[in-house]
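Novice: Quick one, what's the 3D model for this:
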Amino acid sequence: MSLVIDIIDETEGLKAEAFQLVEALLKLTAEKEGAAQDSEVSVTFTDNERIREINREYRQKDEPTDVISFALEEMDGEEIEISGADDLPRVLGDIVISVPRAKEQAEEYGHTFERELGFLAVHGLLHLLGYDHMTEEEEKEMFQRQKEILDEFGLQR
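Specialist: I've put the predicted structure just below:
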């Protein structure tokens, strides 16, 4: 299983190890979830102000958040069908992570920045793969799956 990952660091402050961690975790998650061969995902690391703008524009919440996912194949809960796309890779969508928020939350939760960054990346990809946490049952399922993947990777809390 291969996952094509495009990483953009708008903060210009992350080290190569952070990219490698996120890439490895996303590949593990895609493998565990049975994502289509050669699926693609984009990950953007940004600051609180930029993620606040995105949150305000797309979710009508005027506050910074930790992670936002944009699934390409969904629109208002319905999948978009693209004719003649059988040989094209499946583009899952975009994940946007606030680096300052990840650092704040790592400190708040008493674990490493790497663990928080990994959690947010896995959380974002699971959203792109159809998981949600709108109900208590969905939240329990999604957070259990995140924990299993992070534990297997060695990023326990």
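
Novice: where exactly do the strands run in the protein?
Specialist: 3-9, 39-46, 67-71, 74-75, 78-79, 91-98 (DSSP state E).

Novice: Mean neighbour count, those strands: which tops it?
Specialist: Comparing these on average neighbours per residue, with mean count of other Cβ atoms under 10 Å, the densest one is strand 91-98 at a mean of 23. Any C-beta I mention is one placed from the backbone N, CA and C, and that applies to glycine too.

Novice: And that one, what does it pack against?
Specialist: Applying 3 or more Cβ pairs under 8 Å, 6 or more residues apart in numbering; DSSP states H and E, we find strand 91-98 packed against strand 39-46, helix 48-59, strand 67-71, helix 113-128.

Novice: Make TSV from the strands of the chain and add mean pLDDT to it.
Specialist: Formatted as TSV, those follow (pLDDT from 0 to 100):
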stretch	mean pLDDT
strand 3-9	96
strand 39-46	97
strand 67-71	95
strand 74-75	49
strand 78-79	49
strand 91-98	96
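
Novice: Quick check: which of these is nearest to residue 30?
Specialist: Comparison of those against residue 30 by Cβ to Cβ identifies strand 3-9 as nearest, at 4.3 Å.

Novice: Could you list the paired strands of the closest one along with their orientation?
Specialist: The pairing partners recorded for strand 3-9 under DSSP bridges are strand 39-46 (parallel).

Novice: and for the strand it pairs with, what are the contacting residues?
Specialist: 3-11, 14, 18, 22, 26, 30, 89-99, 121, 124-125, 128 (Cβ atoms under 8 Å, 6 or more residues apart in numbering).

Novice: okay, which residue is most central for this structure?
Specialist: residue 124 (2.3 Å; Cα atoms, centre = their mean).

Novice: And that residue, how far from residue 117?
Specialist: Note on residue 124: its distance to residue 117, by Cβ to Cβ, to the nearest Å, is 11 Å.

Novice: where do the contact lists of these two overlap?
Specialist: residue 97.

Novice: Could you list the low-pLDDT ranges of the protein?
Specialist: For the chain, residues meeting the criterion pLDDT under 70 lie at 1, 73-89.

Novice: and the residue nearest to the centre of the chain, what does it touch?
Specialist: With contacts defined as Cβ under 8 Å, 6+ apart, residue 124 is in contact with 43, 67, 68, 69, 95, 96, 97.

Novice: Please apply the same query to residue 113.
Specialist: Applying Cβ under 8 Å, 6+ apart, one finds that residue 113 lies in contact with 102, 103, 106.
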